[in-house]
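Colleague: Structural data only, the sequence is not supplied:
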Ligand SMILES: [Zn+2]
């Protein structure tokens, strides 16, 4: 798929004849306006589609030859929900990845320790998870990411390796910030849309029925429906004879 740099170069060269046509040959300036709108639309599509690798490489799936899938939980830890999720994972012998928000980690130190001690991975999901995160400067983004790394590393005494962009939105500033932190960006290949469940998990389960080998699944451990969704999803996965594999293992197979 085309990346940001190539996209800008192509549009730059396409703009030259259009500028000549509008300013020297008196074609309608609307042509230029449509062209600019097309350019912006392309940037927006690249930003909201984490699987496009438009601004930087994001790992969104593992090797499907493994016959395995990987669970990821965003936006925790949550003092009420995360312990129940951890109990279910333990009972079923499943290792997952928790993309934690830095300020939540600071307020739930024992929970962070428990996630780590039970064999799960802890990833970085920014410090504030601000609604405006995508409008931050690259240095402000880097500060958020670095602060979260320090917070988690100080608790578990392990290096944080993985980062998940909030809402899956990417842009050039995040690309610059991530380059300075050496984190690996992780997306997903199956989005449960569990945060929209609001008491009715029917649609979430319908989406999760589409699970395939190699999928990285996006779930959340800060919603009340999370335990029920997880228990039902485990049944779905096992009915399809798929196995659970921790994120680092799933994405490393095939890269060696
Ligand atoms: Zn999030």
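Modeller: Structure received. As the structure is a computational prediction, the values presented were derived from the model and not from experiment. Numbers count the residues shown, from 1 in each chain.
Colleague: Quick check: closest non-adjacent residue to residue 21.
Modeller: residue 27 (4.2 Å; C-beta to C-beta, 6 or more residues apart in numbering). C-beta here means a position set from N, CA and C on the backbone, and glycine is covered the same way.
Colleague: Need the three-state assignment for that neighbour.
Modeller: The three-state label for residue 27, taken from DSSP: H, G, I helix; E, B strand; the rest coil, comes out as coil.
Colleague: And for it, the neighbour number?
Modeller: Residue 27: 13 surrounding residues under other C-beta atoms under 10 Å.
Colleague: so how far is the ion from it?
Modeller: 46 Å (C-beta to the ion, to the nearest Å).
Colleague: give me phi/psi at the residue nearest to residue 96 when sequence neighbours are not counted?
Modeller: Closest residue to residue 96 apart from its sequence neighbours, by C-beta to C-beta, 6+ apart: residue 71 at 4.1 Å. In terms of degrees, to the nearest 10, the main-chain angles of residue 71 are phi -100, psi 140.
Colleague: In contact with residue 71, which residues are there?
Modeller: With contact set as C-beta atoms under 8 Å, 6 or more residues apart in numbering, residue 71 has these partners: 89, 94, 96, 97, 217, 219, 230, 244.
Colleague: what do you get for residue 58?
Modeller: So residue 58 contacts 50, 51, 165, 170, 185, 186, 187 (C-beta under 8 Å, 6+ apart).
Colleague: top of those residues by neighbour count?
Modeller: residue 186 (27 neighbours).
Colleague: If you count neighbours, what's buried in stretch 195-202?
Modeller: Under the neighbour-count criterion of 16 or more other C-beta atoms under 10 Å, stretch 195-202 has 195, 197, 201 buried.
Colleague: Which secondary structure elements does the strand or helix carrying residue 249 sit against?
Modeller: Residue 249 is part of helix 247-252, with elements assigned from DSSP states H and E. Here helix 247-252 touches strand 68-74, strand 121-124, strand 216-220, going by 3 or more C-beta pairs under 8 Å, 6 or more residues apart in numbering; DSSP states H and E.
Colleague: hmm, try it at 6 Å
Modeller: Judged by 3 or more C-beta pairs under 6 Å, 6 or more residues apart in numbering; DSSP states H and E, helix 247-252 is in contact with strand 68-74.
Colleague: Sheet partners, orientation included, of the strand it packs on?
Modeller: strand 97-100 (parallel), strand 216-220 (parallel), strand 243-244 (parallel) (DSSP bridges).
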